[in-house]
Structure formats: C-alpha cells, structure tokens
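**Q** Give me the fold of what follows.
(chains A and B)
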Protein chains: 2
Amino acid sequence: MKLNEHFSSLERSYLFSQIAREVDDYQSAHPSAEVIRLGIGDVTRPLAEAVVKAFADAVYEQGQAATFHGYGPEQGYAFLREAIAAHYATFQVQLSADDIFISDGAKSDVGNILDLFGPGNTALIPDPVYPVYRDTNQMAGNRIRYLDAGRHNGFLPLPDGRPADLIYLCSPNNPTGAVYRREQLKQWVDYARDLGAIILFDAAYEAFLQDEYLPHSIYEIEGARECAIEFCSFSKTAGFTGTRCGYTVVPRELERGGFSLHDMWFRRQSTKFNGVSYPVQRAAAAVFSPQGETQCRASIEVYRQNAAIICEALRGCGIWHVGGENAPYIWMQCPGGLSSWEFFRLLLNRAGVVGTPGSGFGKNGEGYFRLTAFGDTEKTQQAMERIADVIGRIS
Amino acid sequence: MKLNEHFSSLERSYLFSQIAREVDDYQSAHPSAEVIRLGIGDVTRPLAEAVVKAFADAVYEQGQAATFHGYGPEQGYAFLREAIAAHYATFQVQLSADDIFISDGAKSDVGNILDLFGPGNTALIPDPVYPVYRDTNQMAGNRIRYLDAGRHNGFLPLPDGRPADLIYLCSPNNPTGAVYRREQLKQWVDYARDLGAIILFDAAYEAFLQDEYLPHSIYEIEGARECAIEFCSFSKTAGFTGTRCGYTVVPRELERGGFSLHDMWFRRQSTKFNGVSYPVQRAAAAVFSPQGETQCRASIEVYRQNAAIICEALRGCGIWHVGGENAPYIWMQCPGGLSSWEFFRLLLNRAGVVGTPGSGFGKNGEGYFRLTAFGDTEKTQQAMERIADVIGRIS
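**A** A predicted model of the protein is given here:
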C-alpha cells in the first residue's frame, strides 16, 4: 500500500482557521465588542432576483416527471455554455460553447486539472498567492518555483527567463487585487509558447474590472488559445460562493506532445465528475439574462463602493496599497513596520476589525495585509474609521 | 512538460455513447417506432414533494441577505451529516457525523479518492464492473487485477489469496444486481485487514435492499472501520442523478503507515473542493424527513415493481438472471448463445428495446445483458412482452 507521500509536505494549519481561532478568542474575551470582518473573501449580498427565480423554477421542474432532469451532460448543459460564450463575446473573445466545461467551482477545477499532467513538472507560482495553487502542486509531486511579487513590480511579476511547465496567473489577483495589463499578459503568452508551457489563468474576479483597457480573459491575447487554460466562477460575479458553479475553458487547439488537452479534460471530467446540479446551471444561466446582469452588476457596484471607501481611507493615512479599483481585494502595507500578524492582532484588539495577514499567502506577503470589499457598506465605512484611528496612533 | 501518459491507456469509446449512436441510427431509420429504454441507469421519477419544498425554500433563503449562505464547510453542513449518521443507525451502524463527507456525487469521490494513494498500487476490481473503477485506476497508474465474477460464483467473487492494496466492492452491484451476504463481506474485511489493504465499498444502491439479512453498509461488518471507505449517493435513493449529492465515509480509525486517511481526505477535499450547493444539501437532508422518506420509498417501490416484472418475464422464458430483488439492475444471460452486442442489436431491431450489452462492463460480461428497473411501469411491462416474444422466436 503506497500512500501519496506528498501530503506530508503540506502545511498543517490553514490560514483561515488560525484567523477564526484568534477572532473567537477575542470575541469570548470581549462579548460585547462588535467585530467587523473584512477577512475571508466571501460575498455577503444575496443572489439576484432573476437568478433566484430561475433557480426555483428549475427546482420545481425537478418535482414533475414531465420536466424532470436526470443525469446531464458531464461538460454542462449547452444553454449555460452558450451563455458563457456570449459573455466572452462582450469582451471580443470568440469561444465555442464546446471549449467550455461547467463545474461546481473554480477551486475544484484548479485542483483537478493537475490530473492531466505527470508528476515532476515545474510549476511557476507567484508569491504571494492563493494557497490552492501551491497545495495542489505539492500534492501532485510537482516542483514549485516562486515568482517574486512585491512593491518593485506592483505585485505583477513578469517572465524571468527560467524554465517552467505550468504557469499560474491570477488577474485580477487574489490576494493583491493587482491586474495585469494586456502587454504584460502578452509577455506571459509569448514566454509560455517559447517554453511549451501552459498558463493556468484564474479569472475568478474578472467581473470587477472597470477600466476598459484591462483584459478580462487570457484569450484576449493573441496565441493564448495554444497555451492557456482559463478558470472562472460565478462565486464573485453573482454571489455563488454557497450555490457553487464555475467553468473552465480548454480550447480545442491546446495540444502538447500530440495529446489534446481538451480531450484529456473531457475524459477526466466524464470519468471523475457527473455534471453540476441542473437547477444550479439554470440559476447560473440567469446571471446572463438582461435582468440578471443588471441585478448582479448592482451588487458588484456596492462592493466597488466599499473598495473605494477602503482605498480612500488608506490614501488618507498615507498607506501604500494596490488593488480595489478593478478587484474586490485591497492589499496594503502594514503601518509602522509591523509584521502581518502583528498588524492583524493590533487591528483585532484595538479596532475589532478582522483582515487577512499577508504572510499567509507566502513569504513576500510578510508586512502586508489584505482587506476585502465584500462586506456591508456601512460596516466597511465604520471599519475604515477604526483602522484609520489605529494607524493614526502608530505613526 | 510531462503529461499524464496513463490517459493513453484508456479506451477511447465509451459504452453508452456507442449505444446512443446505434439507437439514434435505428430511430432515424424507423421514425415511427416507439423505442423503450431499459439501458442507462438513470432514474425517471421526479424529486419527492418534501425534497422539492426544502430545495425551493433554501433557494429563497439564498435570495435574502439575512438568510444568505456563502461558502459552507467543505465537508458539508452538520445538519446533513447528522441526518446521514441517523440513517446509518437504522441498520445498526454507529457513525459520527464527523466520519461523513458530503460531495456532489459518488462518482466524483470514487475517482478523487485515488489522490490519497501513490501510483503503482494494485487495485482488485471485479469483472464485470462499473467502468469508473477501472478508468480511474488506469489514470492513476495503478496495476489492475480483475476478480472473476460469473455464474459459478453468482457474480459475487470472494478473496482469492492474491495480493492487493485497494479492493473495489459494489453491493448491490452495478451492473449485475447481485448482493453480498454478511458472511461474504466478512471474508473481504478479514482479507483486507490481513493484507493491510483498503476496501472501497460502493453502496450507491443500498436503498433497494429488501431482505433484512442483507448488509446496507460495509460497516455492519466487524473490523470494517479499520479497513474500509464507503461511498453512497442520493442519486438512486432519492432521484438525485440530475440534482447531484453524495457522501463518503472515511472513519477516524482508518490509518495506514501512520497516516490518517480521514485527515488526508479532509485535506484533499478542503484543498480541491468547496462544498456542495447549500440548497442541494437542504434538499438532501429532506430525504430523511418523515415525509421525504415515505415519498422516496414510494418511488423505489415503483422501481421494485418494475424489477419484479422484468424478473418474472425472464423466469417465464427460462432465462438465467441475477439481481432485481434487492437492486434496480437485472443481469441476464443472452438467449441462444448470442453475444452481448448481438442480443443488443436483435432486441433493438426486432423489439425496439434498449438494454446494455454486458461485455461493455468487462470480458466476463460477454454473453450477458443488463436491464434496469428505472423506467415507467407500463413501458417496462410492454418491453418485457416484446423481449419475451423475441426470445421465444430464438429458442
């Protein structure tokens, strides 16, 4: 019996459980304190009315023999894949519905995609980073090479000439909120094509882009269809964190060593997955209906206002930060030379505000802190007043 | 760039797509023929009323900020895990809710569980078999050793003394409908413990058991908590094939080489999965409510009647068969020495009835044929009359 020994190289404790523990301890010691959470990247606004209606209608369909849906296509229903292809067309990316695979979320696909690759590949992963890229590559027995992100490159690292097989990019970025420009992504695409590497592009936050010149998809870059897989999700676009639906684009053209990655992913998904709940797919499709779009955009607008409140307060304190304008995350330098966890504890104990210590996302995150715009506007305002007050006392 | 070269060892064509193609061809050639499908193992009866109500209520919760659910626990909500533990108690298995992991379906978990094991393990897989066991082990680079099932052992193979690391058992069985008795499973548990192997027990059809002496769960067998993982699903119990929810039991006691398999699966799921849709989990929990149980049992009763109709007709024709009494599948010997595909084509062309060629499930399936009880009762009756007529003309 051989176990997957790579599990033993994984770090035991998980960032967010440590945060939860410390917040619980604080709340027990201060039962009357009103803690404001700008920590975990979970949404707070409910599903849009049009989405709820489509969701519920499909649930009722499941209750009648004439409209009942059993096993659906493993790749997802055409009605949803076509709606997603039409969404891509709004930013001038021409996808075929056949390029798109529906799943229960981007996290699953980002992890499961490694089934297509052998062990011992070199994965290029930015630091700081969404921990799932790192952990899944450790589980798979890949070599990880970190790409240094920092103030020097605006937390947007570019190719450094060293070899790689898999290149993880997340833009708008989690945790930093930084966004690659088109010419920067072009450098990555050219680099991947030179190396024969594959870019794994996480576009989970594309709905937060406001500036028209910023790319929503890696496929806006010429040549990307031959070197990139893209992951996206309804989690942040439409508040699906608890409803669960995402999608992955594996273009037909994507081949390596005579193998079609598209065919391999289809085989992987049709063997180890059985499709997404029919009512959930109907709910997701309603995100792209005219009403659904308007309503989802209204929620994102609220989160954008929160981000603006956060950025304005940080500017007022003279704190360096990135993100927030085209992303729901704001990545700030800790004041007074504090470490990430020192600032976390100071903020929790002095202000009752919870954020995420940047060091939890990698060594380059040390000295930084992540705030999220997914809260309630009034509470976000209140939190920033408290944070400004704490920072004011440090300086 | 290393690809997973094991994908190239997978068979290209998939059984059910070949069937679909041949049925389409027949239907095009005979547009007025009414084809009756007793092939794919998909349910046809709608979700129970109590399940639809709980499902829809939870959808409406997602539409209000006060009751909105974002990210849920990766392992599943306690309300559902506790309801499942209570279900196990009805057949005298004491599980802790902590032993249970909720997922989008047993197929995903049966595939993903291999993430916990190294490559090069020996998997013991019955032949004939649900193709997912074979394909996922090929993808993982495991050695496969087939366990011969046939008329000589009632399609219920027992330990043969040869080495194994992973042992796949499915009871009630897909495709044969055969069911292990308690003393037979005891032999498997003892064997696995002797070898240090792990039993992967697929209990997806447990709700179809009628005979009280037959085991619903591997954990009814003493010692199984130290050597078995169990997969189950709401697909056949409650018609969730298109709604998607399953669960996997990994007992706390299950360890190998100092590693807790429970902790490894938790780590796998919390890294590569983000939980099941909240409304789907509410729907699944309603399956165990008093109303839900009564209503789901009524649907299963219909399928049981269909199975009885099928078995009675086959007995009338003097055709050897197994299954149907405690399973939704009936596994019959093809009449007149026909091969599986010969009988498939004869039945399609002479009777307009679709079944599944046994050879699609492995070499030992050759000469056998699978019928399913998931259709409409009237059509099942009609199909069996047509089948009896075809068989009558062969003999």
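**Q** Which secondary structure elements does the helix ranked longest in chain A sit against?
**A** In terms of residue count, the longest helix belonging to chain A (DSSP state H) is helix A:290-317. Helix A:290-317 sits against helix A:49-62, helix A:235-238, strand A:321-323, strand A:329-333, helix A:377-394, with contacts defined as 3 or more CB pairs under 8 Å, 6 or more residues apart in numbering or on different chains; DSSP states H and E. (Each C-beta comes from the backbone N, C-alpha and C, glycine too.)
**Q** what angle separates it from helix A:377-394?
**A** Using axes from the mean of the first three to the mean of the last three CA atoms, to 10 degrees, one finds that helix A:290-317 and helix A:377-394 are set 20 degrees apart in direction.
**Q** Could you export the helices and strands packed on helix A:290-317 as TSV, including mean neighbour count?
**A** Shown next, in TSV, are those (neighbours: other CB atoms under 10 Å in any protein chain shown):
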stretch	mean neighbour count
helix A:49-62	22
helix A:235-238	26
strand A:321-323	24
strand A:329-333	25
helix A:377-394	17
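**Q** May I have the residues that are in contact with the residue of the stretch 251-395 of chain A found nearest chain B?
**A** Closest contact between the stretch 251-395 of chain A and chain B, by CB to the nearest CB, is at A:Lys272 (3.0 Å). A:Lys272 is in contact with A:Asn112, A:Asp115, B:Lys107, B:Ser108, B:Val110, B:Gly111, B:Asn112, B:Val132, B:Thr136, counting by CB atoms under 8 Å, 6 or more residues apart in numbering or on different chains.
**Q** which bits of the stretch 101-250 of chain A sit near chain B?
**A** Within the stretch 101-250 of chain A, the residues that sit near chain B (CB under 8 Å from any CB of the partner chain) are A:104-105, A:107-108, A:110-112, A:115-121, A:132, A:135-136, A:139, A:165, A:196-198, A:239, A:241-244.
**Q** where does the stretch 101-250 of chain A have low pLDDT?
**A** For the stretch 101-250 of chain A, no stretch is flagged by pLDDT under 70.
**Q** What ranges does the stretch 101-250 of chain A have for its helices?
**A** Secondary structure of the stretch 101-250 of chain A (DSSP state H, counting those that start in this stretch): helices at A:106-112, A:131-139, A:182-195, A:235-238.
**Q** Show me the strands in the stretch 101-250 of chain A, by range?
**A** A:122-127, A:143-148, A:166-170, A:198-202, A:228-233, A:246-249 (DSSP state E, counting those that start in this stretch).
**Q** So which of the contacts of A:Lys272 is the closest to B:Ile319?
**A** Comparing these against B:Ile319 with CB to CB places B:Val132 closest, at 28.2 Å.
**Q** Would you confirm that that closest one contacts B:Lys107?
**A** Yes - the pair B:Val132 and B:Lys107 passes the contact test of CB atoms under 8 Å, sitting 5.9 Å apart.
**Q** More neighbours: which of those two?
**A** Between B:Val132 and B:Lys107, counted using other CB atoms under 10 Å in any protein chain shown, the more crowded position is B:Lys107 (27 against 20).
**Q** hang on, the more buried one packs against A:Phe273?
**A** Yes - the pair B:Lys107 and A:Phe273 qualifies as a contact (CB under 8 Å) at a distance of 6.9 Å.
**Q** mind saving the C-alpha coords of stretch A:39-50 as CSV?
**A** Provided in CSV are the C-alpha atoms of stretch A:39-50 (Å, rounded to 0.1, in the frame of the first residue of the first chain):
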residue,chain,number,x,y,z
GLY,A,39,-11.1,39.0,6.1
ILE,A,40,-12.3,35.9,4.2
GLY,A,41,-13.2,36.6,0.6
ASP,A,42,-16.8,35.6,0.9
VAL,A,43,-19.6,37.6,-0.5
THR,A,44,-22.5,38.9,1.6
ARG,A,45,-25.1,40.1,-0.8
PRO,A,46,-27.9,37.6,-1.7
LEU,A,47,-28.5,36.0,-5.1
ALA,A,48,-30.1,38.3,-7.7
GLU,A,49,-33.9,38.1,-8.0
ALA,A,50,-33.7,36.8,-11.6
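**Q** What residues sit buried inside it?
**A** Within stretch A:39-50, the residues scored as buried using 16 or more other CB atoms under 10 Å in any protein chain shown are A:Gly39, A:Ile40, A:Gly41, A:Asp42, A:Val43, A:Thr44, A:Arg45, A:Pro46, A:Leu47, A:Ala48, A:Ala50.
**Q** Okay, the most centrally placed residue in chain A and A:Gly239: tell me how far apart.
**A** In chain A, the residue lying closest to the centroid (CA atoms, centre = their mean) is A:Ala204, at 4.3 Å. Taking CB to CB, to the nearest Å as the measure, A:Ala204 falls 13 Å from A:Gly239.
**Q** And for A:Val287?
**A** Going from A:Val287 to A:Gly239 by CB to CB gives 9 Å.
**Q** residues shared between the contacts of these two?
**A** Here A:Val287 and A:Gly239 have A:Ala48, A:Cys296 as joint contacts, going by CB under 8 Å, 6+ apart.
**Q** before we move on, back to that, what about the buried residues of stretch A:39-50, which are in strands?
**A** Among the buried residues of stretch A:39-50, none falls in strands (DSSP state E).
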